[in-house]
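K.L.:
below is the sequence, then the predicted model.
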Amino acid sequence: MTTAQEEVAGLASDLIRIDSTNRGDNAGPGERAAAEHVAALLAEVGLEPMVLESDKNRTSLVARIEGADPARPALLIHGHLDVVPADPADWQVHPLSGEIKDGCVWGRGAVDMKDMDAMMLAVFRQRLREGRKPPRDIVLAFLADEEAGGDYGAQWLADKHPGLFEGVSEAIGEVGGFSATIGGRRLYLLQTAEKGIAWMRLTARGTAGHGSMLQPDNAVTELAEAIGRVGRHEWPVRLTPSVEAFLAAAADALGISFDAEDSAAVLSKIGPIARMIGATLTNTANPSVLSAGYKVNVVPQTATAQLDGRFLPGAEEEFFAEIDRLLGPGVHREFINHKPAVQTTFDGALRDAMIMALLESDPDGTVVPYCLSGGTDAKAFSELGIRCFGFTPLRLPAELDFAGLFHGVDERVPVAALEFGTKVLDRFIDLC
């Protein structure tokens, strides 16, 4: 009988070869083919998942596995099936090849997050083949549209089909449980928080006219000055509990003292992960799209831009007040996507189970909380009162810039990390 560790790399490779690119406009291939593939793999071991479509080919599936004590609150384990676009010309291998080389599975989604999808499948396929029940009910969810905010996936399910998650009290998903080597020690970053999302469309309006004339009421100028103020703004540091706990643990691993007033001293020494961690010390707002005009000698009436805003837990009101001050009265903003920040405490029986499962496989590791700079489907599930953690366990080589692989070129995950993750995930389920 094939074991989960033997099967996981092939499952990840197969999933990567299925194009589920999400360009954010609902015009791509969707997740239908990937969802049908997952459903067939679960059906092979006796599950009958519900396959649901929020729109044509925008497909998610949910399955409930009965636990030994169904009276206990259930646990949700979720992953998303969609991936961001990739240009094959930039890659060493085709991003949809799922090629296994140099000890890694390569392709778009290898770390975000078809790796976890494969681990979920591998572990539960083995458990179901062996008849091993989890201690409590498990709800498995393979979701559409996470890469565009989840409105066609997790959010749609939470709004339209909340009964699928009846009795669920806790959840695990992306992005946490992976290792980062700091000061020669492996720290496993357990996600207990994530920043909120404020994707905004900005619009300035002026007077259209001939480009040769004086045009003091110029929409392009108004918008350009506003987004310049936003893009160059230095946001104040706000250390949330998870960020402060991570920095203190990193300082200990480095053998230096931790001063909350000088977090830069720690960031400068922790390597590539500093890009992700550094973005969780402050709110952020990055202009990302500009559009105005249609001919060089015509001053347009309207100019628009898009802004990717992320706010810390507890800082939403402060964030928007500052954005409005920076934009000024001449620029109107509206939401493209607005989702809350999510935060929980680093305690409890589920946290203990994650720590125990990790340290049984890596006794030299240290498990620490952290805040994710991006967002996940935890936002939708938290609205159902579910306590959410990021836990996709991976033991990674010290030299791998893991954070840089998310949405990056040559995305890949070590096969050994997948095998480690399936072992940890299986043990965690026994402990949860």
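P.N.:
Nice, I can see it.

K.L.:
what's the pLDDT at the closest residue to residue 174 other than its chain neighbours?
P.N.:
Among residues not flanking residue 174 along the chain, residue 113 sits closest, at 4.9 Å (Cβ to Cβ, 6 or more residues apart in numbering). Backbone N, C-alpha and C define where each C-beta goes, glycine included. pLDDT, residue 113: 96.

K.L.:
check contacts around residue 113.
P.N.:
79, 80, 146, 174, 175, 392 (Cβ atoms under 8 Å, 6 or more residues apart in numbering).

K.L.:
how about the helices in the protein?
P.N.:
4-17, 32-43, 114-130, 154-160, 219-232, 241-254, 264-267, 274-278, 316-327, 349-361, 378-382, 402-405, 415-431 (DSSP state H).

K.L.:
what is the neighbour count of residue 256?
P.N.:
13 (other Cβ atoms under 10 Å).

K.L.:
that one contacts residue 268, correct?
P.N.:
No. Between residue 256 and residue 268 there is no contact under Cβ atoms under 8 Å: 10.5 Å.

K.L.:
ok, back up a step: quick check: the residue nearest to residue 174 vs residue 387, distance?
P.N.:
Distance of residue 113 to residue 387, computed by Cβ to Cβ, to the nearest Å: 20 Å.

K.L.:
I'd assumed residue 264 was in contact with residue 270.
P.N.:
No. If you go by Cβ under 8 Å, residue 270 and residue 264 don't touch, sitting 11.0 Å apart.

K.L.:
ok, the two, which is more surrounded?
P.N.:
Between residue 270 and residue 264, counted using other Cβ under 10 Å, residue 270 has the larger neighbour count: 21 against 13.

K.L.:
can you count the residues close to residue 339?
P.N.:
By other Cβ under 10 Å, neighbour count at residue 339 equals 24.

K.L.:
how about residue 231?
P.N.:
14.

K.L.:
show the pLDDT at it.
P.N.:
pLDDT at residue 231 comes out at 97.

K.L.:
pull the contacting residues for it.
P.N.:
285, 286, 287.

K.L.:
and with 10 Å instead?
P.N.:
285, 286, 287, 288, 305, 307, 326 (Cβ atoms under 10 Å, 6 or more residues apart in numbering).

K.L.:
and these, which two are the farthest apart?
P.N.:
288 and 326 (15.8 Å; Cβ to Cβ).

K.L.:
how about the residue nearest the centre of the chain: what's its closest non-neighbour residue?
P.N.:
In the chain, the centroid-proximal residue (Cα atoms, centre = their mean) is residue 376; its distance is 4.2 Å. Distances taken as Cβ to Cβ, 6+ apart place residue 174 nearest to residue 376, at 5.3 Å, with adjacent residues excluded.

K.L.:
contacting residues for that neighbour?
P.N.:
Contacts of residue 174 (Cβ under 10 Å, 6+ apart): 78-80, 111-113, 115-116, 146, 191, 194, 372, 374, 376-378, 390-392, 406.

K.L.:
now, which of those lie within strands?
P.N.:
Of those, the ones assigned to strands by DSSP state E are 78, 79, 80, 191, 194, 372, 390.

K.L.:
the second one and residue 16: what is the separation?
P.N.:
The reference is to residue 79. 13 Å.

K.L.:
can you pull the residues that touch both of these two?
P.N.:
With Cβ under 10 Å, 6+ apart, residue 79 and residue 16 have common neighbours 114, 115, 117, 118.

K.L.:
pull out the buried residues from the residues you listed.
P.N.:
The neighbour-count criterion (16 or more other Cβ atoms under 10 Å) marks 114, 115, 117, 118 among the shared contacts of residue 79 and residue 16 as buried.

K.L.:
tell me who's in contact with the second one.
P.N.:
Which is residue 115. 8-9, 11-12, 15-16, 79, 105, 109, 174, 178, 392, 394, 411-414, 417-418, 421.

K.L.:
tabulate the helices of the chain in JSON lines, adding columns for distance to residue 66.
P.N.:
Below are these laid out as JSON lines (distance: least, Cβ to Cβ, whole Å):
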{"stretch": "helix 4-17", "distance to residue 66": "20"}
{"stretch": "helix 32-43", "distance to residue 66": "14"}
{"stretch": "helix 114-130", "distance to residue 66": "11"}
{"stretch": "helix 154-160", "distance to residue 66": "20"}
{"stretch": "helix 219-232", "distance to residue 66": "51"}
{"stretch": "helix 241-254", "distance to residue 66": "34"}
{"stretch": "helix 264-267", "distance to residue 66": "46"}
{"stretch": "helix 274-278", "distance to residue 66": "37"}
{"stretch": "helix 316-327", "distance to residue 66": "39"}
{"stretch": "helix 349-361", "distance to residue 66": "19"}
{"stretch": "helix 378-382", "distance to residue 66": "21"}
{"stretch": "helix 402-405", "distance to residue 66": "35"}
{"stretch": "helix 415-431", "distance to residue 66": "13"}
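
K.L.:
residue 210: which of these is closest?
P.N.:
Across these, closest to residue 210 is helix 219-232 (Cβ to Cβ), at 14.4 Å.

K.L.:
buried set for the closest one?
P.N.:
219, 220, 221, 222, 223, 224, 226, 227, 230.

K.L.:
OK, contacts around the second one?
P.N.:
Remark: with contacts taken as Cβ under 10 Å, 6+ apart, residue 220 is in contact with 204, 206, 290, 292, 293, 299, 300, 302, 303.

K.L.:
out of those residues, who's nearest residue 243?
P.N.:
For the contacts of residue 220, the nearest to residue 243 is residue 290 (31.5 Å; Cβ to Cβ).

K.L.:
for residue 18, grab the count of nearby residues.
P.N.:
Residue 18 has 21 nearby residues by other Cβ under 10 Å.

K.L.:
one more: the one 10 residues further on?
P.N.:
Using other Cβ under 10 Å, residue 28 has 18 other residues around it.

K.L.:
from what I can see it touches residue 19, true?
P.N.:
Yes. Using Cβ atoms under 10 Å, residue 28 is in contact with residue 19, at 8.1 Å.

K.L.:
anything in contact with each of the two?
P.N.:
residue 83.

K.L.:
any chance of the backbone angles for the closest residue to residue 151 other than its chain neighbours?
P.N.:
Nearest-residue entry for residue 151: residue 145, 6.2 Å, with adjacent residues in sequence omitted and distances by Cβ to Cβ, 6+ apart. Main-chain torsions, residue 145, degrees, to the nearest 10: phi 70, psi 10.
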